[in-house]
Every structure is written in structure tokens, then in C-alpha cells.
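1. Quick one: sequence plus predicted model below, questions after.
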Amino acid sequence: MSNDHIAQVNADIGAAFDIHGIEPVPGERRTSGQLDQFWIWAGANVAPINWVLGAIGIQLGLSLVETLAVIVVGNVLGCALFGAMCVIGHRTGVPQMVLSRMAFGRRGAWLPTLMQVLMPMGWVAINTWIVLDLAVAALERLGVSGGIELKYVIAIVVMLIQVGIAMWGFHAIRYFERYTMPFVLVIMAVMTVLAFTHVDVRWQVSTVHGIGKLSAMSKLMTAIGIGWGVSWLVYASDYTRFTKLRLSSRQVFRATSLGMFIPTVWLAFLGAAIASAGSGADPAQLIIAVFGAMALPVLLVLVHGPIATNIVVIYSAALATLSLDLRVPRWVVSVVSGIIALAILYLFLHSGAFASTFEDLMVFFVVWIAPWAGIVLVDFFMISRGRMDVGELYRHHSVSECGDINWSGLAALALGVIAAWLFQVGSVESMQGPVAMALGGIDLSWLAGLGVGGASYYLFHIGRRDARPVQASLTNNGSST
């Protein structure tokens, strides 16, 4: 029996219940290949929300050609950043929030980690809530009718499935994506062909010009362009830490970045193309209306979307919780996350105002990701030169080379968050940055946060490095006197 076969048998046994927590994944247990990574990230992004986000460009007055250009360019950049973060997980075998300790300190990393603990619970609720109306509409096509009670049933079934898979761990996630995604993509291909044959797609209709067009493009770039890839950076290494050691960084980068790029651009373009017909309806609703006999396959895609996305989110939330040095079984955290998400979802179903306000809060909540990502990427690729003593990430804060709290990292994070807010265009007044408003509503929050966070962290590092010889010289002079 070959070593590869033995490793695969071990992985199959591990799929019964994933024993991995936040410790580095040993080489013999790293059995995930390129296709596994592609399916995981493709599955996480084949979601109805991408149809809706793709239609934003049309709703803002851009033509379909302009919308497609922004989506493609934005995702080339966003997915490249995502692929780079995935490479870090492959090289170290360490989950994402543990990697933050190098830049922020052994306990200083608790701040971004706490954000990562809280944020996924909200996204799980939102991702599930978005598909409920669509799922009910698809069921009505099949002759199954129901009101709020039917939504409750769908929500509970979906939540049980996704929490169960996430609770089991990485191997369950990869097998779910591996065996469901090929069928989903076939259905999506058929849906795309039918949509383009039933909808009068308009390629060149644009209603905005000048600064208004730049503003619309920037908002679309933040929503489903580069901003979409940035929003996934906090999850990247949690999954590529399981990749086979023999894979090259280029192979990991290609598999993960394409896994995100292809479905995101595909679905966003599909939503934009349908919206260009000018009916004014939700493009996802239009997709259901177009298909008729395809109602059952469409329903499968609708239900698969939040499950494939949320299992990734819930699993990472559990790892982030353990990164706070809490001694709690990972599966317990997954169950608690699901219960909280279900409670938030219940409030959504009973209050549209609460749902709208909560979505605005979540948009504001992710402002920290861009500067955090800039800091982590700069720390690993520019300061550490792609090398890291993994053991230091797990040692007690009193003896770890990471230190207890790296104030330079936290200061850079604060500066990056402020910069991102200054250039942000949100749907409520508190999220409308003064610089963005002065520029006519151009949203460059992702660029400002990423650039200021990473650059300030690098400059702080240079300052500390230059100060050390001076401090040593002063000490020697003092000793000689």
C-alpha cells in the first residue's frame, strides 16, 4: 500500500470526526489537493447573493459592458490577494487567526480574532435569510405552498445541515463540496443558457456620466469586485493548511484564486445581464420565473448556496474562538454559532427594519479586514520574507518571540480602519466618509485600508529596526561610564 493511499485512508477515517483544532496540521495529515481547494472556494461563492450584487452596477446606472469590466478587473485583484493569503496557510499549516499573532502579538491578536468570532454568526444568518423567499417561490412552482411556517422549516433544515457539516470539520466540508459542486455547476450552466435565451440583454445602456460613473464603478468594485475577495481573506489559511506539502505555492495560488474568481464573476455577470433587461425585479426572482420546469434544480442551487458558504464560515468561526486561548471543543463552538445565527435569523423573519439595519452594521463591521490583511501580508512576505517559526505562534506570551502585544501592529490596524472609513460610502450617514463624499461618492475604502494598514505597519517596523542599534549604543555608553 502506497504512502499516498495510506494518507487518504487516514483522511477518510478523519472525516468521521475531524480532530484538528488550531495546532499546525502535520505533513502526514495534509491530504488536500488542488481540486479540493478549487471546489471548496467555488462552492463558497456559488451563492444567490452574487446574483443580487452583480445587478448593483445596472441599478447604479452602469452599462452591462462597464459592469462586467469592473467585476472582472476587481476580481482579478481581489482573488490575487486571496490566493496570496492561501499560500501562507499552505507554507505554515497554521489557521488564519493564529497567523495574526506574528503581526499583533501573542495576545494582541485577540482584537482582530474577536472580530472574526463575532462576524461569521451574522453572515450565516444573512446568507440563509437571503434565499428563504427564493426557496419558497421555487417550492410554489413545485406545488408546495406555505407562509412563514414554511420559511421556518427551510431555515431550520438548512441550519442543521450546515452546522452539522461544519461541526464535523474540514474533511466533511471538502467531501461535501467535492461531490456536490460538479452537479451544481452543470445546473448553473443550463440556467445561464436559458436565462440568456429568455431575457433581452442590453449591453450598452448607461445612465450615468462623469463623476457619477466613477462613483458607481467604485461602489460596484467594493461590493463584488476587489472588495469581495478581501472579505474572504480572514478564512483563507484555515483550509489551505491541509494542502499537500508537495504542492507548490503557485499551484495553491492558482487553485484557490480560480476557485473564487470563476463562480463570482460568472454569477455576478449573470445577475447583471438579467437586470439589464430593465424589468426592475430582483434578478434571482427573475431566474426562477424564467425556468418553469427547472424549478427543482433551481431550488437545489438555492439551498446549496448558503450551505456551501456557511459551512466555511462556521468552521472558521470555531477556529477563531479557539485562537482566543479558550479551552472549548471545536464542535461545541460550531453548535453555539449556529444557535446564535438561528436567533438572528428569527429576528430577520419578524422585522424587515431589523434585517436592513443589521445588514448595514455588517457592512461597517468588515471595514477592519482590508487593513488587517495588508498588515498580515506585509509581515509575512516583506518582513519575514516568507519564513516563519511556527512554534513561536503557540508559545506563552511571556516567552514567545511574537511578544505579548505588538502595539505597532495594533496602531497600524487603527490607522488602516480610520483610512478605510474616510474613503467609505455606506448606506447610512455614519458610514459615509468625508473624503469619499468630497470626491463625489467614490468609494476607495478597500484601497485606503489595505494601503495605509500595510504601509504604516512596514514603516513602524523600519523605525523599530533602526532604533535598536541606537538603543544598544546608548546602553554601551552608559555601561562604560
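-> Nice, I can see it. Numbers count the residues shown, from 1 in each chain.

2. Can you tell me the closest non-neighbouring residue to Phe82?
-> The shortest distance from Phe82 to any non-neighbouring residue, by C-beta to C-beta, 6 or more residues apart in numbering, is to Gly229 (4.6 Å). Placement of C-beta: from N, CA and C, glycine included.

3. quick one: Val190 is in a helix?
-> Yes - with DSSP: H, G, I helix; E, B strand; the rest coil as the criterion, Val190 is part of a helix.

4. That one contacts Pro297, doesn't it?
-> Yes - applying C-beta atoms under 8 Å as the test, Val190 and Pro297 come out as touching, 7.3 Å apart.

5. Compare the two (neighbour count), which wins?
-> Pro297 (18 against 14; other C-beta atoms under 10 Å).

6. Just read off the phi/psi values of the more buried one.
-> Here is the backbone geometry of Pro297 (degrees, to the nearest 10): phi -60, psi -40.

7. Distance check, the residue nearest in space to the middle of the chain against Thr256.
-> In the chain, the residue lying closest to the centroid (C-alpha atoms, centre = their mean) is Trp232, at 2.1 Å. With distances taken as C-beta to C-beta, to the nearest Å, Trp232 is found 10 Å from Thr256.

8. Kindly report the same for His198.
-> As judged by C-beta to C-beta, His198 and Thr256 stand 34 Å apart.

9. Between those two, tell me which one has more neighbours.
-> Thr256 (30 against 15).

10. so what's that one closest to, chain neighbours aside?
-> Counting by C-beta to C-beta, 6+ apart, the nearest residue to Thr256 once its immediate chain neighbours are dropped is Cys86, at 4.1 Å.

11. list the contacts for that neighbour?
-> 37, 236-237, 239-240, 252-253, 256-257 (C-beta atoms under 8 Å, 6 or more residues apart in numbering).

12. low-confidence ranges in the stretch 251-400 of the chain?
-> 279-295, 352-365 (pLDDT under 70).

13. hmm, try it at 90
-> Flagging of the stretch 251-400 of the chain using pLDDT under 90 yields the residue ranges 267, 270-306, 326-367, 384-389, 391, 396-400.

14. And the pLDDT at the residue nearest to Phe82?
-> According to the prediction, Gly229 has pLDDT 88.

15. That one belongs to a helix?
-> Yes - Gly229 sits within a helix when classified using three-state DSSP.

16. give the contact list for it.
-> Applying C-beta under 8 Å, 6+ apart, the residues near Gly229 are 74-75, 77-82, 260, 264.

17. repeat for Val335
-> Listed by C-beta under 8 Å, 6+ apart, the contact set of Val335 reads 163, 167.

18. ok, now with 10 Å
-> Taking C-beta atoms under 10 Å, 6 or more residues apart in numbering, we find Val335 in contact with 163-164, 166-167, 314, 318, 329.

19. What about those residues, which one has the most neighbours?
-> For the contacts of Val335, the largest number of neighbours (other C-beta under 10 Å) sits with Ala166, at 32 neighbours.

20. Quickly note the distance from it to Ser218.
-> Counting by C-beta to C-beta - Ala166 and Ser218 are separated by 34 Å.

21. What of Ala420?
-> The gap separating Ala420 from Ser218 is 13 Å, by C-beta to C-beta.

22. Equivalent analysis for Thr113, please.
-> Note on Thr113: its distance to Ser218, by C-beta to C-beta, is 30 Å.

23. Equivalent analysis for Asp133, please.
-> Distance from Asp133 to Ser218, by C-beta to C-beta: 29 Å.

24. Quick check, Met119 in contact with Val366.
-> Yes - contact criterion C-beta atoms under 10 Å: Met119 and Val366 qualify, at 7.0 Å.

25. Could you name every residue contacting both of these two?
-> 231, 234.

26. So Asp133 and Ser218 - more neighbours on which side?
-> Each of Asp133 and Ser218 has its neighbours counted (other C-beta under 10 Å); Ser218 has more, 26 against 15.

27. my guess is the more buried one contacts Leu62, does it?
-> No - between Ser218 and Leu62 there is no contact under C-beta under 10 Å: 11.1 Å.

28. quick one: common contacting residues for the two?
-> Val70.

29. circling back to that earlier point, include secondary structure and distance to Tyr458 when you put the contacts of Cys86 into JSON lines, please.
-> JSON lines is the format used below for those (DSSP: H, G, I helix; E, B strand; the rest coil; distance: C-beta to C-beta, whole Å):
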{"residue": "Gln37", "secondary structure": "helix", "distance to Tyr458": "29"}
{"residue": "Ala236", "secondary structure": "coil", "distance to Tyr458": "21"}
{"residue": "Ser237", "secondary structure": "helix", "distance to Tyr458": "21"}
{"residue": "Tyr239", "secondary structure": "helix", "distance to Tyr458": "27"}
{"residue": "Thr240", "secondary structure": "helix", "distance to Tyr458": "24"}
{"residue": "Val252", "secondary structure": "helix", "distance to Tyr458": "25"}
{"residue": "Phe253", "secondary structure": "helix", "distance to Tyr458": "22"}
{"residue": "Thr256", "secondary structure": "helix", "distance to Tyr458": "25"}
{"residue": "Ser257", "secondary structure": "helix", "distance to Tyr458": "24"}
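
30. Same list (those residues) but as TSV, adding distance to Leu393.
-> Listed next are these as TSV, based on distance: C-beta to C-beta, whole Å:
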residue	distance to Leu393
Gln37	23
Ala236	16
Ser237	12
Tyr239	18
Thr240	16
Val252	20
Phe253	22
Thr256	22
Ser257	25
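
31. From those residues, pick the one nearest Ser384.
-> Ser237 (14.4 Å; C-beta to C-beta).

32. buried residues in the host helix or strand of Trp266?
-> If you go by DSSP states H and E, Trp266 is part of helix 249-275. Across helix 249-275, burial judged by 16 or more other C-beta atoms under 10 Å covers 251-253, 255-275.

33. how close does Trp168 get to Val336?
-> Counting by C-beta to C-beta, the gap from Trp168 to Val336 is 16 Å.

34. again but with Val193, I slipped
-> Taking C-beta to C-beta, one finds Val193 at 43 Å from Val336.

35. Comparing these two, which residue is more hemmed in?
-> In this view Val193 and Val336 are compared by other C-beta under 10 Å, and Val336 has more residues nearby, 16 against 10.
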